[in-house]
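**Student:** Next input, structure requested:
(chains A and B)
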Amino acid sequence: GEDVEQSLFLSVREGDSSVINCTYTDSSSTYLYWYKQEPGAGLQLLTYIFSNMDMKQDQRLTVLLNKKDKHLSLRIADTQTGDSAIYFCAERRTGRRALTFGSGTRLQVQP
Amino acid sequence: EAQVTQNPRYLITVTGKKLTVTCSQNMNHEYMSWYRQDPGLGLRQIYYSMNVEVTDKGDVPEGYKVSRKEKRNFPLILESPSPNQTSLYFCASRQQGAHNSPLHFGNGTRLTVT
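**Tutor:** Now for the predicted structure:
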């Protein structure tokens, strides 16, 4: 995960918006993903964005991609306690079958 | 229900004692993969398989073997486990050929090697 960087921890209050940030290094990445991991479970795909897009919205989730700065963010509107989890950013690089994952951001939602 | 099933969920073993972690998927996916998750390192790919009898090394293959004799199963084999293989392991699968097809993950196997 050293090529994909995320902050380790984020704490927000219930009802606020959460913004989880990710930076990646490979400008040839084709798809970028956000996965959610709840305690004791595997990773679940939340959303993804193709590299020729700037923004993608899916209900409470908004993904922003800044290709120039190689910066990806995930915004969760009206954050709920059920959103508490670890969020992983991942990139798929051209010519590679494996995803490269960040080290994950633990989101804690306080009531 | 579409799922990836790993067994066991928890395993404690001793150095050098061969073990196998099983993985099975019921979605007819061609692509299967094993990852290990370690604190601060995210997920790193161990091995992957594009289809039956086709396997390839990922980023951290040392100390591991895999086999893909049937499409649904992709076991991970540790011939001689060592303490540095203590980790949380995930099996995943996806449909091959579609770059945006999501990886489906199992619930993980927590392995401790003493």
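
**Student:** Run through the residues of chain B sitting next to chain A.
**Tutor:** Proximity of chain B to chain A, by CB under 8 Å from any CB of the partner chain, involves residues B:4, B:31, B:33, B:35, B:40-45, B:48, B:50, B:58-59, B:90, B:92, B:99-100, B:102-103, B:105-108. In this view, the C-beta of every residue, glycine as well, is placed from N, C-alpha and C.

**Student:** neighbours around residue B:4, how many?
**Tutor:** 24 (other CB atoms under 10 Å in any protein chain shown).

**Student:** Pull up the gap between it and residue B:92, please.
**Tutor:** 7 Å (CB to CB, to the nearest Å).

**Student:** Repeat that for residue A:99.
**Tutor:** For residue A:99, the distance to residue B:92 - CB to CB - is 9 Å.

**Student:** Which of the helices or strands spans residue A:22?
**Tutor:** Using DSSP states H and E, residue A:22 sits in strand A:18-24.

**Student:** Would you agree residue B:25 is in contact with residue B:95?
**Tutor:** No. Here residue B:25 does not reach residue B:95: they are 10.7 Å apart, not a contact under CB atoms under 8 Å.

**Student:** who has more neighbours, these two?
**Tutor:** Between residue B:25 and residue B:95, counted using other CB under 10 Å, residue B:25 has the larger neighbour count: 23 against 14.

**Student:** Name the residues linked to that one by a beta bridge.
**Tutor:** Residue B:25 has the following beta-bridge partners by DSSP bridges: residue B:4.

**Student:** what's around residue A:46, how many residues?
**Tutor:** Residue A:46 has 18 neighbours, counted by other CB under 10 Å.

**Student:** OK, contacts around it?
**Tutor:** By CB atoms under 8 Å, 6 or more residues apart in numbering or on different chains, the contact set of residue A:46 is A:33, A:34, A:35, A:36, A:61, A:74, A:87.

**Student:** Inside strands: which ones of those?
**Tutor:** Counting by DSSP state E, these place A:33, A:34, A:35, A:36, A:61, A:74, A:87 in strands.

**Student:** what packs against the one helix or strand residue B:22 maps to?
**Tutor:** Here residue B:22 sits within strand B:19-25, counting by DSSP H and E. For strand B:19-25, the packing partners by 3 or more CB pairs under 8 Å, 6 or more residues apart in numbering or on different chains; DSSP states H and E come out as strand B:4-7, strand B:10-13, strand B:31-38, strand B:76-78, strand B:87-94, strand B:109-113.

**Student:** Between residue A:99 and residue B:92, which contacts overlap?
**Tutor:** By CB under 8 Å, 6+ apart, the residues touching both residue A:99 and residue B:92 are residue B:103.

**Student:** so where's chain B shaky on pLDDT?
**Tutor:** Residues of chain B meeting the criterion pLDDT under 70: B:97-100.

**Student:** let me fix that: chain A
**Tutor:** Ranges of chain A meeting pLDDT under 70: A:1-2.

**Student:** if we go to 50?
**Tutor:** Residue ranges of chain A with pLDDT under 50: A:1.

**Student:** So which residues on it come close to chain B?
**Tutor:** A:1-2, A:4, A:8, A:30-31, A:33, A:35, A:40-45, A:48, A:50, A:88, A:90, A:92, A:97-99, A:101-104.

**Student:** OK, contacts around residue A:51?
**Tutor:** Contact analysis of residue A:51 by CB under 8 Å, 6+ apart lists A:29, A:30, A:31, A:32, A:65, A:67.
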